[in-house]
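Q: Just a sequence and a predicted model for now, questions to come.
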Amino acid sequence: MRGLEFSITGLDDHGRRLRDDRRGRTGVAIAVVASLFVLMGREAGTPGGQAFEPAPLAVPAEPVPQGGQAQPTEAPQPPQPAPLAEPAPPQPAQPAQPVPQPAQPTPPAQPTPQPARVAVDPPRLVFGAQAVGTVSEPQTIRIANTSAASFSADYELSAGAPFEPMACRRFPYLPPRQGQSPTASECAVFVSFAPQSAGQQRATLTVFEVDGTGKRTGGSPLVSVELDGEGVVASLDVSPALLDFREPQPSRQRVVLNNRGMAPVSVRAVSVTGPDAARFRVDATACRFGPIAIGTECAVTVTHSISTAASHSAELLIEHTAADTAARVQLTWVATPTPELSADPASLDFASVAIGTQQSQRVTIANVGAGQANSMTVGFAGGDASSFRVGNNECAGTLAPQARCTVEIIFAPTEASALRSSLFVVDAQLKSLLTIGVSGLGSQPQQGAIIL
C-alpha cells in the first residue's frame, strides 16, 4: 500500500510541475499582450484623454481533484527559461543560385519581302500591214503593279526586231495605296512598227525587275508581250509632176494618185507651200475618205487664180503612208506674153474728096510686144464707117513680135460733109489690139465731072 501511495504522490508532484510550467508560460504571454495594449493606448489615447489601463486578466482556477478535497494552492513559480535548443548539425553548402537577368525586349519581326508582280494590257499587239521603210502610228502597252511590293522594272526587245518601244525605262512601281485600284501604279509603253523588209514580223517585249543601277535582278521575267506585224511593199504613183496653168491651159487641173503597190495607202495631209501658195486652192476631199485600195486611184484638184503679177510658183505636198517623204508636184503660172501693136501713122486724115470718088492711104502696123498677135481682123466701126473700107490687107492672120504689116484704107464719101470713123484690129476673141482714127471731107462733085 505504501508503494501505491508513493506512486500516486509521485504522479501528483509531476502534475504540479506541469501546471506550474504552463502557468509561467501563460503569465509571460499575458504580460507581453498587456505591454502592447499600454503602448497602443499611449500613442492613440483613450476617449476623454484617459490613459489606457489593461483590465486584469482572470487566472483560471485550478481544477479540483477527484475525491472532493481541494489541494493547497502553491505560490506561482517564476517562469523557467526554456532549455536551449541543440545546435543543428552543419548542412552541406548549397551551390549559389544564378541571379535572374531582366528579360530582353523581343525585336520586331521583319516583314516578309513581297514578290513583284505586274499585269499588261493588252498581252499582244497586232499592227497589221505596214509599208516597208515607213513607221506606223504607235500603239500602247500598259504595265501595272499588282503586288504589295515596291520595285523598278525595265524591258528589252528581241534582237533585230523592227519595233520601236518608248518610255517606262527603269520605271519605279509603287504598291497601290488604300482605296486605290490595283492598277494605281502603272506606266504606258508606246510601240511603233517600222518594217525594213516584206513579210511577217514578230518579236517579244520582255519586262523584268532591275536594281537601282538598272541591272537585272531576280530570275524569271515579270511578263512578256508578243508583237506582230507584216511588212509590205507599198507604192503610190503621183502624176503629173508639174501643173502648168499658162494660157491656154485651164485654171483648174488635177493630180492623180494611183496605188500600184501591195498595200493600201492613206493620204495623211495635202498642202501648198511656196511664195505664191495663196494663188492656188486645193481640194483633196476625194482622197481623204479612207485608204486608197490596191489598184485604185483618187484625184486632188488644184485651182489657180491669176493676178497682175508676171508669174506665180508654188509646190503641192502630198503626205501618204507609202513613203516617209511627201510627194511633190510643181505648180506654175506665167503670164502669157501679149502682143502690143502700133500704127504708123497713128491716124489717117483724108483731104476733100468729091462724092462719087475715092482716095486711099496705107498704114503700117508693127507688133512691138512680146506675144504673138493671132487671128487678126481689120475693120471699121462707129461714125461714118460706110464711107471707109479696107483695101489690100497684109495684116490678116498672125503677126509675130517685132513684125510689121500694111493695110490699105480707102475713103469714099457718101455725102458732102466731114466724115469720121475708127479702124479696129482685133484677135479671135474680138479683143481689140489696135484702134486707128480716120477722117475725111466729102464734097460735091464739080460741074461736068464724070463720076465713075
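A: Looks like it arrived, so ask away. Numbering: from 1, shown residues only.

Q: Next up, the contacts around Arg216.
A: Taking CB atoms under 8 Å, 6 or more residues apart in numbering, we find Arg216 in contact with 154, 208-210. Any C-beta I mention is one placed from the backbone N, CA and C, and that applies to glycine too.

Q: between the residues you listed, which is nearest Leu423?
A: Asp154 (92.3 Å; CB to CB).

Q: A strand includes the closest one, no?
A: Yes. Counting by DSSP: H, G, I helix; E, B strand; the rest coil, Asp154 is part of a strand.

Q: Which pLDDT value goes with it?
A: pLDDT for Asp154: 93.

Q: ok, it - how many residues close by?
A: Neighbours of Asp154 under the rule other CB atoms under 10 Å: 17.

Q: what's the answer for Ile355, then?
A: 16.

Q: distance of it from Ser305?
A: 56 Å (CB to CB, to the nearest Å).

Q: Then Asp283?
A: 14 Å.

Q: Farthest pair within the contacts of Arg216?
A: Farthest pair in the contacts of Arg216, by CB to CB: Asp154 and Glu209, 8.3 Å.

Q: thinking Thr140 is in contact with Val189, fair?
A: Yes. Using CB atoms under 8 Å, Thr140 makes contact with Val189 at a distance of 7.1 Å.

Q: the more surrounded of those two?
A: Of the pair Thr140 and Val189, Val189 is the one with more neighbours under other CB under 10 Å, namely 22 against 12.

Q: Where does pLDDT dip in the protein?
A: Scanning the chain for pLDDT under 70 picks out 1-103, 107-113, 177-184, 447-452.

Q: Tell me the one of the contacts of Arg216 nearest Gly274?
A: Looking across the contacts of Arg216 and measuring by CB to CB, the closest to Gly274 is Asp154, at 47.4 Å.

Q: residues in contact with that closest one?
A: 169-171, 207-208, 210, 214, 216.

Q: separation between the spatially closest residue to Val210 that is not a sequence neighbour and Val255?
A: Leaving aside its chain neighbours, Val210 sits nearest to Asp154 (4.8 Å; criterion: CB to CB, 6 or more residues apart in numbering). Note on Asp154: its distance to Val255, by CB to CB, is 48 Å.

Q: Then Ser421?
A: Taking CB to CB, one finds Ser421 at 52 Å from Val255.

Q: Name the residues linked to Val118 by a beta bridge.
A: Per DSSP bridges, the residues bridged to Val118 are Asn145.

Q: Out of the contacts of Asp154, which sit inside strands?
A: Using DSSP state E, 171, 207-208, 210 are the members of those that sit in strands.

Q: Just the strands from the stretch 201-350 of the chain, written as ranges.
A: 223-232, 236-239, 242-244, 252-259, 267-273, 280-283, 297-304, 311-320, 327-334, 341-344, 347-354 (DSSP state E, counting those that start in this stretch).

Q: Direction included, what does the fourth one pair up with?
A: Yep, that's strand 252-259 we're talking about. With DSSP bridges as the test, strand 252-259 pairs up with strand 236-239 (antiparallel), strand 297-304 (antiparallel).

Q: got it, and the last one?
A: On the basis of DSSP bridges, the sheet neighbours of strand 347-354 come out as strand 432-443 (parallel).

Q: Enumerate the positions of the strand it pairs with that are buried.
A: The neighbour-count check on strand 432-443 (16 or more other CB atoms under 10 Å) flags 433-436, 438-443 as buried.

Q: would a markdown table of those with distance to Asn259 be doable?
A: As requested, the buried residues of strand 432-443 are exported to a markdown table (distance: CB to CB, whole Å):
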| residue | distance to Asn259 |
| --- | --- |
| Leu433 | 49 |
| Leu434 | 54 |
| Thr435 | 57 |
| Ile436 | 60 |
| Val438 | 66 |
| Ser439 | 70 |
| Gly440 | 73 |
| Leu441 | 77 |
| Gly442 | 77 |
| Ser443 | 82 |
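
Q: Show me which pair in those is furthest apart.
A: Longest span within the buried residues of strand 432-443, CB to CB: Leu433 and Ser443, 33.7 Å.

Q: what residues are up against the nearest residue to Arg288 once chain neighbours are set aside?
A: Of all residues not flanking Arg288 in the chain, Val267 sits nearest, at 6.0 Å (CB to CB, 6+ apart). By CB under 8 Å, 6+ apart, the contact set of Val267 is 257, 284, 287-288, 292, 298, 318-320.

Q: what's in contact with stretch 234-242?
A: By CB under 8 Å, 6+ apart, stretch 234-242 touches 131-132, 134, 255-265, 292, 318, 320-323, 327-332.

Q: Swap in 6 Å and give it another go.
A: 131, 256-261, 263, 265, 320, 322, 327, 329-330 (CB atoms under 6 Å, 6 or more residues apart in numbering).

Q: Would you show me how to pick out the buried ones of those residues in PyMOL?
A: The PyMOL selection below is limited to those of these classed as buried (16+ other CB under 10 Å):
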select buried, resi 131+257+258+259+261+263+265+320+322+327+329
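
Q: of all the contacts of stretch 234-242, which two lie farthest apart?
A: Most distant of the contacts of stretch 234-242, by CB to CB, are Ala263 and Gln330, 27.6 Å apart.
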